[in-house]
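J.: Pasting a predicted model and its sequence here:
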Amino acid sequence: MLPTLLIVEDERATREGLRSALEEEFDVYTASGTSEALAILKSEPIKLLLTDLRLGGDSGMDLLDAALALPDPPVAIMMTAYGSVDTAVEAMRRGAWHFVTKPLNLDEVEMQLKRALRSRTLEVENQQLVQQVKKSHKLDRLIGKSPAILRVSELVQQVSPTRATVLIEGESGTGKEVVAHTLHHLSGRPAAKMVIVHCAALSAQLLESELFGHEKGAFTGAAQRRIGRFEQADGGTLFLDEIGEIDAATQVKLLRVLSERTLERVGSNTPIKVDVRVIAATNKNLKELVANGTFREDLYFRLNVVKIEMPPLRDRKEDIVLLANSFLQEFAKENDRPVKPLSDAAMNLLLDYPWPGNVRELRTAIEHGVVMSNDPVIEARHLPQFLHFHSVPAVTLSSPSKNTLDAPAEFNLHELETKTIRAALLLSGGNRTHAADLLGVSRRTLQRKLKDLGL
């Protein structure tokens, strides 16, 4: 894939001449002014910026400042017919990589662009290598000692260094994206990057453009060419979250990319080679979607080279203590608070809950406890209320008679009320105000109940 270059020049003849001279070596974008250039810089992954110093009423220096302030700034080279040592020094001081004067020597311009790109590539690789050294890559984000999570860890270690496509299935909140990030970080590609697409958040047309890109004028509103996520992830990893939500037409295009390692932007017939490792995730059973005809069987086989099934938290309850302690440290640091332990009552509350929202729900509960506790220990009363009421049995109608209830063998209102109040007092650590809140009554009502029941 050719490196992207944005040429900003207000004189059309010069702008088009540069495009013609450089388009064999670079994927060239052009703009005539600052606002048009910034729109392209914000929407496309531009690697190189070649801009004139004077852009009609605009200043190339202002464009340089704005471009270098972007999260992923391009390498910038200034050009001007008004060259002077002072101008060159000012451009370099502001962050320009080089400075060329008009009339332009096209060979020199091309050489400087290639040198700038090579310099940036080495800089990025060095930064990534430093980050890799800092990271232990010991699967430290896959927290747990349960057999289920240990099997996941073994699979991740086995598959990470390969180029095999991975399908991660599991309920929402089980940690599918954590596994995807771990697979990427252990992939062994020092200059690689990971691009994420949440398929369920986009309409069919937007998803197609997002994945494969589009040419200018490909459809209404396509004012500029757009590079898709596959091209952005070239040399790295593309994570397709909620893959089960994509429509039939996009499935066909995705199958071709996985099979042939080539794509075509929307509105173009030119094939583009890409080197991308695909990781897909879903909270649905793709095999069932294939059976009912909503997901292509051939695409399923392409995605399902290696399947990793994420276990629900209710099936790995022995990991709850480890996860909770990890989240306690994380949120204490995030909220600038001391790390506090969970009381026995609070931990028992966590262990007793079925966690339909899985690890994500546990994270939320721990964050709530960290924020709400002003005591040396996080008590049960500091945890979210939904944890306290999950075990209260619901009254349900039984079949076949709709006039019968599932109920205890014996009704004993005094005993049930006594047990409920005792439980609230235990969960609140003996604090009657908090116990009253849990029971949904006033403190005065609770005091009267305690006296009536002899507690």
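T.: Nice, thanks for sending it over.

J.: Contacts only, for residue 283.
T.: 169-172, 176, 242, 244 (C-beta atoms under 8 Å, 6 or more residues apart in numbering). To be clear about C-beta, it is placed using only N, CA and C from the backbone, and glycine gets the same treatment.

J.: most surrounded residue in those?
T.: Comparing the contacts of residue 283 by number of neighbours (other C-beta atoms under 10 Å), residue 176 comes first, having 24 neighbours.

J.: what residue lies at the spatial centre of this protein?
T.: residue 196 (5.9 Å; C-alpha atoms, centre = their mean).

J.: In this protein, where is pLDDT below threshold?
T.: Flagging of the chain using pLDDT under 70 yields the residue ranges 82-85, 125-139, 189-191, 390-413, 428.

J.: domain assignment for it?
T.: 4-131, 147-309, 314-391, 396-455 (automatic domain parsing).

J.: Any chance of those in JSON lines with distance to residue 141 as columns?
T.: Formatted as JSON lines, the domains of the chain follow (distance: least, C-beta to C-beta, whole Å):
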{"stretch": "domain 4-131", "distance to residue 141": "15"}
{"stretch": "domain 147-309", "distance to residue 141": "5"}
{"stretch": "domain 314-391", "distance to residue 141": "9"}
{"stretch": "domain 396-455", "distance to residue 141": "32"}
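
J.: ranges for the helices of the stretch 351-455 of the chain?
T.: 358-372, 386-389, 413-427, 432-439, 443-453 (DSSP state H, counting those that start in this stretch).

J.: ugh, wrong one, the stretch 101-250 of the chain
T.: Under DSSP H, counting those that start in this stretch, the stretch 101-250 of the chain gives helices at 106-134, 147-159, 176-185, 204-212, 229-232, 248-260.

J.: Going along the chain, name the strands of the stretch 1-150 of the chain.
T.: Counting by DSSP state E, counting those that start in this stretch, the stretch 1-150 of the chain has strands at residues 4-8, 27-31, 48-52, 54-55, 58-59, 75-80, 98-101.

J.: can you list those strands in JSON lines and add distance to residue 446?
T.: Shown next, in JSON lines, are the strands of the stretch 1-150 of the chain (distance: least, C-beta to C-beta, whole Å):
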{"stretch": "strand 4-8", "distance to residue 446": "68"}
{"stretch": "strand 27-31", "distance to residue 446": "70"}
{"stretch": "strand 48-52", "distance to residue 446": "69"}
{"stretch": "strand 54-55", "distance to residue 446": "74"}
{"stretch": "strand 58-59", "distance to residue 446": "71"}
{"stretch": "strand 75-80", "distance to residue 446": "69"}
{"stretch": "strand 98-101", "distance to residue 446": "76"}
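
J.: So residue 345 versus residue 51, what's the distance?
T.: Going from residue 345 to residue 51 by C-beta to C-beta, to the nearest Å gives 64 Å.

J.: Count the neighbours of residue 216 for me.
T.: Other residues within reach of residue 216 by the criterion other C-beta under 10 Å amount to 11.

J.: My read is that it contacts residue 266, right?
T.: No: in this structure residue 216 lies outside contact range of residue 266 using C-beta atoms under 8 Å: 10.8 Å.

J.: what is in contact with these two at once?
T.: Joint contacts of residue 216 and residue 266 (C-beta under 8 Å, 6+ apart) are residue 222.

J.: How many neighbouring residues does the closest residue to residue 25 other than its chain neighbours have?
T.: Once flanking residues are discounted, residue 25 sits nearest to residue 110: 6.4 Å by C-beta to C-beta, 6 or more residues apart in numbering. Residues contacting residue 110 under the criterion other C-beta under 10 Å number 16.

J.: again with residue 289
T.: So residue 289, with other C-beta under 10 Å, has 17 neighbours.

J.: and it, what element?
T.: Assigned by DSSP states H and E, residue 289 belongs to helix 286-291.

J.: and that helix, what other elements does it pack with?
T.: Helix 286-291 is packed against helix 297-303, with contacts defined by 3 or more C-beta pairs under 8 Å, 6 or more residues apart in numbering; DSSP states H and E.

J.: before we move on, back to that, can you tell me which of the helices of the stretch 101-250 of the chain comes nearest to residue 355?
T.: helix 147-159 (13.9 Å; C-beta to C-beta).

J.: check contacts around residue 426.
T.: So residue 426 contacts 345, 380 (C-beta under 8 Å, 6+ apart).

J.: and the gap between it and residue 380?
T.: 8 Å.

J.: Name the residues of the helix holding residue 289 that are buried.
T.: 286, 289-290 (16 or more other C-beta atoms under 10 Å).
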